[in-house]
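> 3D, please:
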Amino acid sequence: MLDVLADGVIEAGCWAHARRRFHDIHATQPTPITTRVLEQVGALYKIESAIRGSPPNVRQATRQEQAKSLVTALHVWLRAQLPTLSRKSATADAIGYAMNQWQALTRYLDDGRIEIDNNAAERALRGVSLGRKNYLFLGSDAGGERAATMYSLLGSAKLNGINPEACLRHVLTAIADYPVNRIDELLPWNVTL
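Model (predicted):
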């Protein structure tokens, strides 16, 4: 995942993706390695759960105090496990993925603005993904662009704590007679319903 911060765009790894590789192995053939990784990543998520909604400086301080040592210990332990495995094993592949992503995976520890994973973004896009087959039948590229505009408007309304249906009703009722130079007043973050 990429985070756009004041300093520019930086890569931040997704612990959910790294965890999933170990989870998939563990689901069919649990091993001491997969068990330990899942427990350690679970401990990181427990820390995140406790600081969810806190200001970035609090999140960063808590991560430095509680999570950084867990992540460092996990890194050392994973590196020690790798030589004991067949290079072609699924567990070695999972460890290799984590090692290749390690800098990005640990970036969240030093910046309270960065999430531990991109699950929220993926959940927000699930509706788009589920409807993908239906979008083949929108009729034209213009129809697809209109659908994308609607998704953006409704998603922005949700993000701004506004009922999407009420927002859409308001915009569609007002837009025909609205002055074009004041159209930004109909955007979800400017609407008062």
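> Going C-terminal from the worst-scoring helix or strand of the chain on mean pLDDT, what's the next secondary structure element?
Ranked by mean pLDDT, DSSP states H and E, the helix or strand of the chain with the weakest confidence is strand 2-5, at a mean of 48. Per DSSP states H and E, the first helix or strand lying C-terminal to strand 2-5 is strand 8-11.
> For the next helix or strand after that next one, what is the distance to the chain centroid?
For strand 8-11, the following helix or strand on the C-terminal side (DSSP H and E) is helix 15-28. In terms of Cα atoms, centre = their mean, to the nearest Å, the centre of helix 15-28 is found 16 Å from the chain centre.
> Could I get the average pLDDT for the helix or strand that contains G143?
Assigned by DSSP H and E, G143 belongs to helix 141-159. The pLDDT scores in helix 141-159 average 80.
> Using PDB, write down the CA coordinates of it.
In PDB, the C-alpha atoms belonging to helix 141-159 read as follows (Å, rounded to 0.1, in the frame of the first residue of the first chain):
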ATOM      1  CA  ASP A 141     -17.500   4.200 -21.600                       C
ATOM      2  CA  ALA A 142     -19.600   7.200 -20.700                       C
ATOM      3  CA  GLY A 143     -21.900   5.000 -18.700                       C
ATOM      4  CA  GLY A 144     -18.900   3.600 -16.800                       C
ATOM      5  CA  GLU A 145     -17.700   7.100 -16.100                       C
ATOM      6  CA  ARG A 146     -21.100   8.100 -14.700                       C
ATOM      7  CA  ALA A 147     -21.100   5.000 -12.500                       C
ATOM      8  CA  ALA A 148     -17.600   5.900 -11.300                       C
ATOM      9  CA  THR A 149     -18.800   9.500 -10.500                       C
ATOM     10  CA  MET A 150     -21.700   8.100  -8.500                       C
ATOM     11  CA  TYR A 151     -19.500   5.800  -6.600                       C
ATOM     12  CA  SER A 152     -17.200   8.700  -5.800                       C
ATOM     13  CA  LEU A 153     -20.100  10.900  -4.700                       C
ATOM     14  CA  LEU A 154     -21.600   8.200  -2.500                       C
ATOM     15  CA  GLY A 155     -18.300   7.200  -1.000                       C
ATOM     16  CA  SER A 156     -17.400  10.800  -0.200                       C
ATOM     17  CA  ALA A 157     -20.800  11.200   1.500                       C
ATOM     18  CA  LYS A 158     -20.100   8.100   3.700                       C
ATOM     19  CA  LEU A 159     -16.700   9.400   4.600                       C
END
